[in-house]
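> this is a predicted model, with the sequence first.
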Amino acid sequence: MTALSKAVCIFSVILIMTGCKKNEMPIPEIQNAKASASPHTKRFSGEVANTWVRLLTDISRTNPLPPPPSIRLFVYSELALYEAVVPGMPSYQSAYRLLTGKTIDIEKKKDYYWPAAANAAVARAASRILKNYNANPNLTSINALEKKFQDEFSSLTSAENLERSILFGRMVGDIIYEWSTTDGTLTSSGTLAPCPPYVPLGGPGNWVPTPPNFSAAAGACQGKLRTFTPGIAVATRPAPPPAYSTDPSSPFYAMIKDVVDKTAARTPNDAVLCQSWRDIVGTNYNTPAHVLNITTRILEKEGMTLEEVAVIYAKQGMATFDAITSAFDGKFYYSLLRPITYIRGAMGNNTWNPLYTTIIHPSYPATMPGASAAGFQILENVLGKNYAFKDSSLSNLYGIRNYSSFEGIVTDVGKTRLLSGHNFQPAIDAGRLQGIAVAELTEALPLKKE
């Protein structure tokens, strides 16, 4: 049994034991009480969190942030949100303390207005993380949203409590940001850490630069970043792909021929689906942002509390980050070629092309099926296997798709990689299973107290 299989088995048992029902007890939102003691976080709506996540996904869409920087922006902002409100969540503990052994101090006998703390924390963390990728980012939308909420909150709590909450949130945002700088993305001086050029291994079956640009591999250092669950990349690394062969009767040849056959049979609707999950800076949500956009719509529809959404966003962010990191670890561990290399080489079809330019890193396991599987598994654990929802992300471009389960949309993400000609079914399956295993390992982190 592979490490991946063991992880899936172990955490399937955990999932069965813990159950996956959402807390259905309606909890009123506090809108105007100027309390003398901090109410629990669950007494507030999730509006402030959902609005911030919407903004961050839009920022990632309109700025040149590929999936790895995007998920880094999301996860640390979401953890800042969680840490800013967890003092009002008696059933939960600090993720920061759990993962680092350090504490975030708070004056426990003072009153805090948790939405204001969350607002300040996300604004501070997101602003500083964006500066990692652009020394002078456009923070107009972030500053405007922070002020909008501050103005709203000024009539809902005392000036003293509001100021205290804002200062606490900003302190949390700074602490989480400083933690983020040690994940391997930055140098000790705060600049982006250089990644040595990847040298292809050579030999049959190994990745080589692909047409038309024959660019060097991207992401060779992504799999080395610190994960939230230690050792998760190795623990969930898939079993090897089929052995390389040019024999038409071999599993490897059949795997490639499947790509040729499926792309030849691709329908116009298939092409639209592929385009909707494609990374197009300035137009599309990349995969982590796409998953997060759908998540936000679902949490808004369900009317979840600030406590509920803070937990879900924190878990989903960590799971998606770890899934992407784990996938890149596997990619450069196996260094498997892309379909176009084999089809044009071993099969001799020099005119074959994918739907759009091939992604410039090895193929196995597939990253985005894993990232989406991890993110949606967190939602499935809360809402159940047969939860119906819509994907209306950029409906003006791609229409609306209806799903009866999270498994259905993860399957569609995988289909886009096959039907576009970018990956093989075994790589897609391996990525999906790895993402599920990563999510269950994330769920095993004891954020909720026993």
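Noted; the coordinates are in hand.
> ok now do the most centrally placed residue in the chain, which residues does it touch?
Nearest residue to the geometric centre of the chain (C-alpha atoms, centre = their mean): residue 320, 3.3 Å. Neighbour list for residue 320: 71, 74, 75, 288, 291, 371, 374, 375 [criterion: C-beta atoms under 8 Å, 6 or more residues apart in numbering]. Heads up, the C-betas are built off the backbone N, CA and C, glycines and all.
> ok, so of those residues, who is nearest residue 434?
Nearest to residue 434 out of the contacts of residue 320 is residue 374 (C-beta to C-beta; 8.3 Å).
> so the closest one is in contact with residue 435, correct?
Yes - between residue 374 and residue 435 there is a contact under C-beta atoms under 8 Å: 3.9 Å.
> burial of residue 134, as a residue count?
As a burial measure, the neighbour count of residue 134 was computed by other C-beta atoms under 10 Å and equals 11.
> still on that earlier bit, quick one: what helix or strand has the residue nearest to the centre of the chain in it?
helix 306-334 (DSSP states H and E).
> other SSEs contacting the following helix or strand past that helix?
For helix 306-334, the following helix or strand on the C-terminal side (DSSP H and E) is helix 339-344. In terms of contact count using 3 or more C-beta pairs under 8 Å, 6 or more residues apart in numbering; DSSP states H and E, helix 339-344 is assigned the packing partners helix 251-264.
> circling back: could you find the closest non-adjacent residue to the residue nearest to the centre of the chain?
Nearest residue to residue 320, sequence neighbours excluded (C-beta to C-beta, 6 or more residues apart in numbering): residue 375, at 4.7 Å.
> which stretches in the stretch 351-450 of the chain count as strands?
Along the stretch 351-450 of the chain, the segments classed as strands by DSSP state E, counting those that start in this stretch run 389-391, 401-403.
> for the ones you listed, give me JSON lines that also has mean neighbour count.
Written out in JSON lines, the entries for the strands of the stretch 351-450 of the chain read as follows (neighbours: other C-beta atoms under 10 Å):
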{"stretch": "strand 389-391", "mean neighbour count": "19"}
{"stretch": "strand 401-403", "mean neighbour count": "15"}
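> could I get these as TSV with mean pLDDT and distance to residue 186?
Formatted as TSV, the strands of the stretch 351-450 of the chain follow (pLDDT from 0 to 100; distance: least, C-beta to C-beta, whole Å):
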stretch	mean pLDDT	distance to residue 186
strand 389-391	97	34
strand 401-403	98	38
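> between those, which one is closest to residue 350.
Of all the strands of the stretch 351-450 of the chain, strand 401-403 sits nearest to residue 350, with 35.5 Å by C-beta to C-beta.
> partners of that closest one, with directions?
Sheet pairing for strand 401-403, assigned by DSSP bridges, gives strand 389-391 (antiparallel).
> just give me how far the partner strand sits from the chain centre.
Offset of strand 389-391 from its chain centre (C-alpha atoms, centre = their mean, to the nearest Å): 18 Å.
> run through who's touching it.
The list of residues contacting strand 389-391 from outside it, by C-beta under 8 Å, 6+ apart, reads 294, 297, 298, 301, 400, 401, 402, 403, 409.
> pick the one among those residues closest to residue 104.
Distances from residue 104 to those, taken as C-beta to C-beta, are shortest for residue 298 (29.2 Å).
> ok, that closest one - contacts?
With contacts taken as C-beta under 8 Å, 6+ apart, residue 298 has the following neighbours: 379, 383, 389.
> from residue 246, how far out is the first one?
If I follow you right, that is residue 379. In this structure, residue 379 and residue 246 are separated by 42 Å, where distance is defined by C-beta to C-beta, to the nearest Å.
> element containing residue 148?
Assigned by DSSP H and E, residue 148 falls within helix 140-153.
> buried set for that helix?
For helix 140-153, burial by neighbour count (16 or more other C-beta atoms under 10 Å) applies to 142, 145, 146, 149, 150, 153.
> contacting residues around residue 399?
With contacts defined as C-beta under 8 Å, 6+ apart, the neighbours of residue 399 are residue 272.
> again, only using 7 Å
The neighbours of residue 399, taking C-beta atoms under 7 Å, 6 or more residues apart in numbering as the test, come to nothing; the list is empty.
> same check, this time on residue 417
The neighbourhood of residue 417, defined by C-beta under 7 Å, 6+ apart, consists of 366, 368, 369, 423, 428.
> now these in JSON lines, with pLDDT, distance to residue 125 and neighbour count?
Shown next, in JSON lines, are the contacts of residue 417 (pLDDT from 0 to 100; distance: C-beta to C-beta, whole Å; neighbours: other C-beta atoms under 10 Å):
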{"residue": "366", "pLDDT": "98", "distance to residue 125": "30", "neighbour count": "30"}
{"residue": "368", "pLDDT": "96", "distance to residue 125": "25", "neighbour count": "31"}
{"residue": "369", "pLDDT": "97", "distance to residue 125": "29", "neighbour count": "32"}
{"residue": "423", "pLDDT": "98", "distance to residue 125": "34", "neighbour count": "28"}
{"residue": "428", "pLDDT": "98", "distance to residue 125": "33", "neighbour count": "26"}
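> residue 168: which of these is nearest?
Within the contacts of residue 417, distances to residue 168 taken as C-beta to C-beta reach their minimum at residue 368, with 36.7 Å.
> thinking that closest one is in contact with residue 289, fair?
No - judged on C-beta atoms under 7 Å, residue 368 makes no contact with residue 289 at a distance of 11.6 Å.
> ok, how many other residues are close to residue 400?
Other residues near residue 400 number 9, with proximity taken as other C-beta under 10 Å.
> pLDDT value on residue 192, please?
Residue 192 is assigned a predicted lDDT (pLDDT) of 95.
> that one bridge partners, please.
Each beta-bridge partner of residue 192 is listed here: residue 186, as defined by DSSP bridges.
> residue 379 and residue 246: which is more packed in?
Set side by side, residue 379 and residue 246 give different neighbour counts by other C-beta under 10 Å, the larger being at residue 379 (24 against 14).
> residues contacting that one?
295, 298, 406.
> and those, which of them are in helices?
When DSSP state H is applied, the contacts of residue 379 are split such that 295, 298, 406 fall in helices.
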